[in-house]
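Q: Mind looking at a prediction? Sequence and model below.
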Amino acid sequence: EAGVAQSPRYKIIEKRQSVAFWCNPISGHATLYWYQQILGQGPKLLIQFQNNGVVDDSQLPKDRFSAERLKGVDSTLKIQPAKLEDSAVYLCASSLDLGISYEQYFGPGTRLTVT
Amino acid sequence: ELKVEQNPLFLSMQEGKNYTIYCNYSTTSDRLYWYRQDPGKSLESLFVLLSNGAVKQEGRLMASLDTKARLSTLHITAAVHDLSATYFCAVDGIIQGAQKLVFGQGTRLTINP
């Protein structure tokens, strides 16, 4: 079974530029999550989708971050404009369904460096 | 608000020794995870602990859960260099009305030959 796919794996941009990350979850997984992992810290949830609807985005900095999952499968996370403090690894995860009974599976992440 | 705290944050030990990583959390939860992360890699699920008193073992690693004390431990027996990694615990909880996975800060484990 293929895992969660993410691209690109690495991205370097200058502050105030825009960037987008892509995630393809495990086939059949209804729930998709985006996490931000700053160096030396644990992942922090940014947004979670159930199919193509947003379940929770309370920790997403909505003035600069946006995410969508239009067809309930792939998802994109965008930052516009980027700040230095956005440098982090962005992890995508998916689970079969919503709720604590369903384990999350993580992708390899996209490492973003903002200079 | 659900908070998850690990200690120690850094651990350097010699091969063959035993040690324990602790994970405390602040509110009631029904599920606790332990993950391993190698440098530059994603998270690998090690254990899922579902109930009070749960104990799981895989090789030299053993995890346990005490829901009354809100404490989980990850015990390493006779450490080997290959276990060098960062270990995270994560707790499922309801925050602001939504179910979320909240991670600890991580414990960076270095095992010296």
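A: Received it, and whenever you're ready, just let me know what you need. Numbers count the residues shown, from 1 in each chain, chains lettered A, B, ... in the order given.

Q: ok, which residues in chain A are in contact with chain B?
A: Residues of chain A that fall close to chain B, judged by CB under 8 Å from any CB of the partner chain: A:33, A:40-45, A:48, A:55-56, A:58, A:91, A:98-100, A:103-109, A:111. Any C-beta I mention is one placed from the backbone N, CA and C, and that applies to glycine too.

Q: Just those residues: which are in helices?
A: Among those, no residue falls in helices (DSSP state H).

Q: Pull out the buried positions in stretch A:33-48.
A: Neighbour counts over stretch A:33-48 (16 or more other CB atoms under 10 Å in any protein chain shown) mark A:Tyr33, A:Trp34, A:Tyr35, A:Gln36, A:Gln37, A:Gly42, A:Pro43, A:Lys44, A:Leu45, A:Leu46, A:Ile47, A:Gln48 as buried.

Q: now the helices for chain B?
A: Counting by DSSP H, chain B has no helices at all.

Q: any idea which residue sits dead centre in it?
A: In chain B, the centroid-proximal residue (CA atoms, centre = their mean) is B:Cys89; its distance is 3.6 Å.

Q: How about that residue: what's its closest non-neighbour residue?
A: Distances taken as CB to CB, 6 or more residues apart in numbering or on different chains put B:Cys23 closest to B:Cys89, at 3.6 Å, once the chain neighbours are dropped.

Q: ditto for A:Tyr102
A: Spatial nearest neighbour of A:Tyr102, excluding adjacent residues (CB to CB, 6+ apart): A:Ser95 at 4.2 Å.

Q: wait, B:Gln6 sits on B:Cys23?
A: Yes. Using CB atoms under 8 Å, B:Gln6 and B:Cys23 qualify as a contacting pair, with a distance of 5.2 Å.

Q: which residues of chain A score low on pLDDT?
A: A:1, A:100 (pLDDT under 70).

Q: what does chain B put close to chain A?
A: B:4, B:30-31, B:33, B:40-43, B:45, B:48, B:88, B:90, B:92, B:96, B:98-106.

Q: Repeat the analysis, applying 6 Å as the threshold.
A: Counting by CB under 6 Å from any CB of the partner chain, chain B comes close to chain A at B:30-31, B:42-43, B:88, B:92, B:96, B:98, B:100, B:103-106.

Q: Quick one, which of those are buried?
A: B:Arg31, B:Ser42, B:Leu43, B:Phe88, B:Asp92, B:Lys100, B:Phe103, B:Gly104, B:Gln105, B:Gly106.

Q: Throw these into JSON lines and include pLDDT, thanks.
A: JSON lines is the format used below for those (pLDDT from 0 to 100):
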{"residue": "B:Arg31", "pLDDT": "87"}
{"residue": "B:Ser42", "pLDDT": "87"}
{"residue": "B:Leu43", "pLDDT": "92"}
{"residue": "B:Phe88", "pLDDT": "97"}
{"residue": "B:Asp92", "pLDDT": "87"}
{"residue": "B:Lys100", "pLDDT": "85"}
{"residue": "B:Phe103", "pLDDT": "95"}
{"residue": "B:Gly104", "pLDDT": "96"}
{"residue": "B:Gln105", "pLDDT": "95"}
{"residue": "B:Gly106", "pLDDT": "96"}
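
Q: Contact partners for the residue nearest to A:Tyr102?
A: Counting by CB atoms under 6 Å, 6 or more residues apart in numbering or on different chains, A:Ser95 makes contact with A:His29, A:Thr31, A:Tyr102, A:Gln104.
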